[in-house]
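In: Give the three-dimensional model of this entry:
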Amino acid sequence: MNTPIRDRIRDPESPIPIRGSNVSLLVGLGLMLAVGVGFWYWFVERVEVNPNEILVLVNKTGKSVPPELRHEYGDQVVLYPALVSAIKSAAGESEDEIRHGYKGIQFEIRSEGRYFLNPLFYKRLVIPTTNIKQGEMGVLVRKYGQPLPFPKTVATDENERGPVAEILRPGRHNINLLAYDVQKFPAIQIPEGHVGVVTLLSGTDPAVPNSYTVETGAKGVQKETLKPGLEYYNPYLKRIDIVDLRNQKRDLIGEDAIHFPSNDSFTITIEGTIEWAIDPDRVARVMITFGDQEDILQKVVLPNVRSIARIEGSKLLAREFISGKTRTAFQDRLLSQLRNECWQEGIIIHSALVRDILPPAEIANLISLREKADQEIQRYTNQMEEAKSEAKLVEQQEMQEQNKAQGDARREVVTVTKDAEKEKNIAVTQSRRNFEVAKLNLEAAEKEAAAIRSKGQAEANVVLFNFIARAEPLKAAVDAFGDGQTYAQMFFLEKTAPAIQSILSNTEGPFAEIFKQFQEFKHAPTSKGGSQ
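Out: Numbering: from 1, shown residues only. Coordinates of the predicted model:
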């Protein structure tokens, strides 16, 4: 049987000839190795970090902290930045080599995602993220580093162990809980009408030691206060005391009533009401000096009001406390002095009202009767004053009526005067207007008369010139006849001759009738016995 040629071929580099069974074995081994590696990576090394989770690694194998650093760092289990930097300087290794080549907890965390990490070298811890709710704050407590030096209360250096000065505000935070503890505290709410007095527990020493308040940033009670609102703060770094700035009222009655002897050795009891408040500009000093509102009341307000009341009250007799005027004067002096004394301590006194003054029972009736008599006298005096006031009021009313009448008369006179003045001005204005019109009419008449004169003169000249024109030929004719009589006779004869001729020649008309009558008379028959 002949062997196939491919089975006779071998790799010249391989001393063993390649046969079909060996290839299948190698392929199977390769597939098994691939499946095993895939299984290892996917089911053993794979780590799924979901949202709101973080991954923290702990190195199981590796080196320990170098001996020369243990006196300073001790046996630290967290590879935090300051320790990594110190190892880097001492061993000359890179930071990445130190983070993965030394035993301990890795400081850096990994956020959500998929990671492939060998569990033989790393302990893989998936922990939830840190959530700070609204109205809360978180304080990190560092588990690594050097102990805090006295008297610090918070860690301000990255190599210090203990509470960290910075706080975590509401929200989600990726915190390595193997390196830190997270303590949650409620935020403090400062109501309206209140302020927050801040005491810094850690910081620089004040410039002026042993003082009530210190400058901003120094350790102690801060001068600046917090305004109303929600305040987030580190309770390891600060203490906030809420102080009420609103008006406080205290009734001095019962056991709180004020008792003192009068000038005549009678015990007087005063009941009243005090209204006060803390000065906003000195609230920090007042709080650190005296304490809260009740301390201020017991240490400042009440001792002062009792002391002033006793001093001023001992100057008066028992009966003088019944009088309203004396009581008012006593109350005014009490309020004025109490304001001055309390203002020096940072307290504002708004009012000190004396509600009642109780004299001793043995003189109360006598004083009451005397007071009633004084009141009666005062009442009669007031009635007299009222009568005087009424009489004065009537007099004032009469004077007002008289003044009113005089005023009306003056106003009437003024009105008449103004009307007459107005009519006078109108008449003067009218007269001036008429005068101006007459003046204009006169000027027009004068101009018209001049025009008439000019026209008459011209007409007269025309007539004169006409007569002259007619007289000149007549004069020439008269001069030709020698005298005027001769010319007149000639002119008469010349004018009458044609008329006479016409008359004589005309058989009709009145003149002819005369001759006709005369002719008829001549030929008429004569009557009997007569003659013609």
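
In: buried ones in stretch 61-78?
Out: For stretch 61-78, the neighbour count (16 or more other C-beta atoms under 10 Å) marks 65, 69, 73, 76, 78 as buried. (Glycine included, C-beta is placed from N, CA and C.)

In: so where do the helices sit in the stretch 151-300 of the chain?
Out: 283-290, 293-296 (DSSP state H, counting those that start in this stretch).

In: The chain too?
Out: In the chain, the helices defined using DSSP state H lie at 5-8, 20-39, 67-73, 81-91, 95-101, 283-290, 293-296, 302-313, 324-343, 361-481, 484-505, 510-523.

In: circling back to that earlier point, what's the closest of the helices of the stretch 151-300 of the chain to Trp276?
Out: helix 293-296 (8.1 Å; C-beta to C-beta).

In: residues making contact with that closest one?
Out: For helix 293-296, contacts defined as C-beta atoms under 8 Å, 6 or more residues apart in numbering pick out 244, 248, 278, 286, 290, 347.

In: Nearest spatial neighbour of Ile54, chain-adjacent residues omitted?
Out: Ile109 (4.6 Å; C-beta to C-beta, 6 or more residues apart in numbering).

In: can you check Glu192 too?
Out: That would be Pro228: by C-beta to C-beta, 6+ apart, it lies 4.9 Å from Glu192.

In: closest to Ser262 among the buried residues of stretch 61-78?
Out: Within these, proximity to Ser262 (C-beta to C-beta) peaks at Val78, which comes in at 78.6 Å.

In: who are the neighbours in contact with the closest one?
Out: Residues counted as contacts of Val78 (C-beta under 8 Å, 6+ apart) are 104-105, 107, 143-144, 178-179.

In: what about 10 Å?
Out: Taking C-beta atoms under 10 Å, 6 or more residues apart in numbering, we find Val78 in contact with 58, 104-107, 142-145, 176, 178-180.

In: now swap in Ile308 and tell me
Out: Per C-beta under 10 Å, 6+ apart, neighbours of Ile308: 258, 333-338, 340-341, 352.

In: Report the two members of those separated by the largest distance.
Out: Largest pairwise distance in the contacts of Ile308, by C-beta to C-beta, is 18.5 Å, between Ile258 and Asn340.

In: higher neighbour count, those two?
Out: More crowded of Ile258 and Asn340, by other C-beta atoms under 10 Å: Ile258, with 21 against 12.

In: just checking, that one touches Val354?
Out: Yes. Judged on C-beta atoms under 10 Å, Ile258 makes contact with Val354 at a distance of 9.4 Å.

In: got any residues that touch both of the two?
Out: Common contacts of Ile258 and Val354, defined by C-beta under 10 Å, 6+ apart, comprise 252, 270-272, 309, 334.

In: Redo those residues as TSV? Include pLDDT, neighbour count and distance to Gln397.
Out: TSV is the format used below for the shared contacts of Ile258 and Val354 (pLDDT from 0 to 100; neighbours: other C-beta atoms under 10 Å; distance: C-beta to C-beta, whole Å):
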residue	pLDDT	neighbour count	distance to Gln397
Leu252	90	21	50
Ile270	87	24	47
Glu271	88	17	47
Gly272	89	22	45
Ala309	88	25	49
Leu334	89	24	44
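
In: and the two most separated of those?
Out: Glu271 and Leu334 (13.0 Å).

In: Quick check, pLDDT for Glu320.
Out: Note on Glu320: pLDDT of 75.

In: now swap in Thr153 and tell me
Out: Thr153 is assigned 90 on the pLDDT scale.

In: again, but for Gly482
Out: We have a pLDDT of 73 for Gly482.

In: ok, it to Gln489 distance?
Out: Gly482 is 12 Å from Gln489, where distance means C-beta to C-beta, to the nearest Å.

In: what residues do those two have in common as contacts?
Out: Counting by C-beta under 10 Å, 6+ apart, Gly482 and Gln489 have no contacts in common.

In: average pLDDT across stretch 420-439?
Out: 83.

In: Show me what Thr225 bridges to in the sheet.
Out: Val197 (DSSP bridges).
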